[in-house]
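>>> show me the folded form of this:
(chains A and B)
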Amino acid sequence: MTGRRLLSPARLVLAAVVVLAFVSPLYLTVVNAFKKEDDIVSSPAAPPVHPTLGNLSTALGRPDHLLQLGLRNSLVVVVCSVVLLIPLGSAFSFFVSRRRTRLRALVLAVLAAGLMIPPQVVLLPTIHILDFLGLDHSYPGLILSNLGGGYFSFAVFVYVGFMRAVPDEVVEAARLDGAGGLRIWWTIIMPLVRPATATVAIFLSLWIWNDFLNPQFILGPLQGQTITTGLYLSVGQFQMDYGQLFGIMFLAGVIPVAGYLAMQKQFIAGLTSGSAK
Amino acid sequence: MKPPSPPFRHTSQDAGLRLIAALGLLLYTVFIVVPVFMSLRSSFTDENPLKSGSNWIGFANYSEMLHDTQLRDSVVFTLLLALAVTVVANVLGLAFALLLDRTALSYRVLRTLAFLPQVVSGVIVGFVWKTILTQDGLLNTLLKSVHLVHDPVDWLGKPHLAQFSVGVVVAWVLSGFTTVVYLAALQNIPRELYDAGAIDGASTTQQFRMITVRMVAPATTISVTISLITVLKLYDVIQVLTSGGPANATQSTAQYIVKMAFTDDRFGYASSIAMFLLALSAVIALSVTSMLRRREVDL
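Presented below is the predicted three-dimensional model:
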């Protein structure tokens, strides 16, 4: 293989230099979040020699409570959306995965469109529909539209892949024991496809957490901000010193990054199984 | 041959499962399928949120699109960005994956780091890069301190330079993703293939071309398709980084739709552009996928 002849220490150094250069923008965010303004301006790339928590406390002490409110609102949207998407997506997938191949192929083709359609295409009609339901510019409206969007497609794709691998005999045996569809799905199938649930939960949480377009227009400016729209509004409109900016970015980004680091094994496994299909 | 499993019996116990499954399908229909047709209908009207009611105006929006230079520029920019970013992110992703395809702990740590650009939101990515790239930003501070430049470079202020900068940032975001996809593909290649190749006297370059490139072909299909679709939908990173400026040089078509709809209040016209973007995405995604799938077979 390419580079097999490269000596291993030299290879490791090369790999380390390349990757560290690649993530340097994030490195700058982390180190500068803990530096005083003068140190940031004079040597932005240096590690924090005189570390300070001042930037973080300034960011948290803002009178608009940007971070606290944004993180809380994002958490509400993510938890409600994902907790509802998992049963919806998995029940639908269980139903589809036990059907004939042709019907399954048709359903999956229609759902694939959900992954491809640019969200800008369905944004205006979605707002009209939510308006009709009396849910426009509200958290229930945003969450409801999340349940029906491309997120549902993703959940179904992951679940169907796993559920097709469950042998028919398992379902048959349960049925002979007198279990109904709901029981079989919840007590037998769901425990068997736990890795799929992990993948769905992790990726949907990340995407919904990072979503910007839908909160910006479906929720609108008056209902409080999620973390992404909050950052956009406060940081985008006012001139701000580097220290506070990096402090805010660090605190806003640290939750998804910590989640990723804690669950990176499932993260990579999910991405790998997804791309193998 | 095993007969297909019988459909569920129509018992009261199955009704619950059917209900949840049907609810899922209903929501998908209401928030994806119906909106596409509503958008299509709206594209033939002069719908405007400030006026009640709307008039059917036939193909007027579509013929206006033909003469809209801002739209044309945004389409050209979006397509060039999609092409450039897809090529760069996939070449870089495969190169990173080849470099990091080792099992030692140190390599696993580096792999973890390489995916990070995908984890933070586009809004944060936009702000961090903006802080780096503005005229008095961190990059110019660094370049001046090592005397590489005298006058600060306006990375985001000149049209062509700004387009280039946006490309770099988007390629950066996507490279984290492509790296992980290619790494997974590399790890599925049996070592024996390389051993057999070596015995047959294949050089490293030949082994790369004959084994690696062929074996990662399915990953290439996935990675290229997702890269293209991502750029065609792109909104948040550009919105924060340049807001489409300077002089609309970095305005993507997706952004232009949002601008027409929410800044100019032209829902009808925005819908016709949305229909165009939908058709463009479908044609690109389907043709590239089928082309790459054929390539998987041919290789």
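
>>> where are the low-confidence patches of the chain?
I'll assume chain A. Along chain A, segments meeting pLDDT under 70 span A:1-7, A:236-239, A:271-277.

>>> that answer is for a different chain, and I need it for chain B
Residue ranges of chain B with pLDDT under 70: B:1-13, B:299.

>>> centroid-nearest residue for chain A?
Closest residue to the average C-alpha location of chain A: residue A:206 at 1.3 Å, with CA atoms, centre = their mean.

>>> gap between that residue and residue B:166?
According to CB to CB, to the nearest Å, residue A:206 stands 23 Å off from residue B:166. C-betas here are computed from N, CA, C, even on glycine.

>>> what do you get for residue B:61?
Here residue B:61 is placed at a distance of 28 Å from residue B:166 (CB to CB).

>>> which SSE is the closest residue to residue A:150 other than its chain neighbours in?
Once flanking residues are discounted, residue A:150 sits nearest to residue A:114: 4.4 Å by CB to CB, 6 or more residues apart in numbering or on different chains. Counting by DSSP states H and E, the element that carries residue A:114 is helix A:101-116.

>>> against which helices or strands is that helix packed?
Judged by 3 or more CB pairs under 8 Å, 6 or more residues apart in numbering or on different chains; DSSP states H and E, helix A:101-116 is in contact with helix A:66-97, helix A:150-163, helix B:267-298.

>>> for the ones you listed, which one sits closest to residue A:140?
Among these, helix A:66-97 comes nearest to residue A:140, with 8.4 Å by CB to CB.

>>> and the closest one, how far out from the chain middle?
10 Å (CA atoms, centre = their mean, to the nearest Å).

>>> and it, what does it pack onto?
When contacts are defined as 3+ CB pairs under 8 Å, 6+ apart, helix A:66-97 sits against helix A:54-60, helix A:101-116, helix A:139-148, helix A:150-163, helix A:194-210, helix A:227-237, helix A:242-262, helix B:12-28.

>>> which ones are touching the residue nearest to residue A:150?
Residue A:114 makes contact with A:149, A:150, A:152, A:153, B:28, B:32 under the criterion CB atoms under 8 Å, 6 or more residues apart in numbering or on different chains.

>>> from residue A:155, how far out is it?
According to CB to CB, residue A:114 and residue A:155 sit 10 Å apart.

>>> which residue, other than its chain neighbours, is closest to residue 227?
All of this refers to chain A. residue A:70 (3.8 Å).

>>> try chain B instead
Leaving out its chain neighbours, the residue that sits closest to residue B:227 by CB to CB, 6+ apart is residue B:86, at 4.2 Å.

>>> burial check on the closest residue to residue A:218 other than its chain neighbours, number of neighbours?
Of all residues not flanking residue A:218 in the chain, residue A:142 sits nearest, at 5.0 Å (CB to CB, 6+ apart). Using other CB atoms under 10 Å in any protein chain shown, residue A:142 has 28 neighbouring residues.

>>> ditto for residue A:164
14.

>>> show me the contacts for the residue in the stretch 1-150 of chain A that chain B sits nearest to.
Closest approach of the stretch 1-150 of chain A to chain B (CB to the nearest CB) occurs at residue A:148, with a separation of 2.9 Å. Counting by CB under 8 Å, 6+ apart, residue A:148 makes contact with B:27, B:28, B:29, B:30, B:31, B:32.

>>> also near chain A: which of those, exactly?
Counting by CB under 8 Å from any CB of the partner chain, B:27, B:28, B:29, B:30, B:31, B:32 from those sit close to chain A.

>>> write the PyMOL selection for whichever of those residues are buried.
Per 16 or more other CB atoms under 10 Å in any protein chain shown, the buried members of those correspond to this PyMOL selection:
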select buried, chain B and resi 27+28+30+31+32
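
>>> redo the ones next to chain A among the contacts of residue A:148 as a markdown table? Include distance to residue A:177.
Shown next, in a markdown table, are the ones next to chain A among the contacts of residue A:148 (distance: CB to CB, whole Å):
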| residue | distance to residue A:177 |
| --- | --- |
| B:27 | 32 |
| B:28 | 33 |
| B:29 | 35 |
| B:30 | 37 |
| B:31 | 38 |
| B:32 | 38 |
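
>>> residues near the residue in the stretch 151-277 of chain A that chain B sits nearest to, how many?
Proximity of the stretch 151-277 of chain A to chain B (CB to the nearest CB) peaks at residue A:180, 2.2 Å away. Using other CB under 10 Å, the number of residues around residue A:180 comes to 18.
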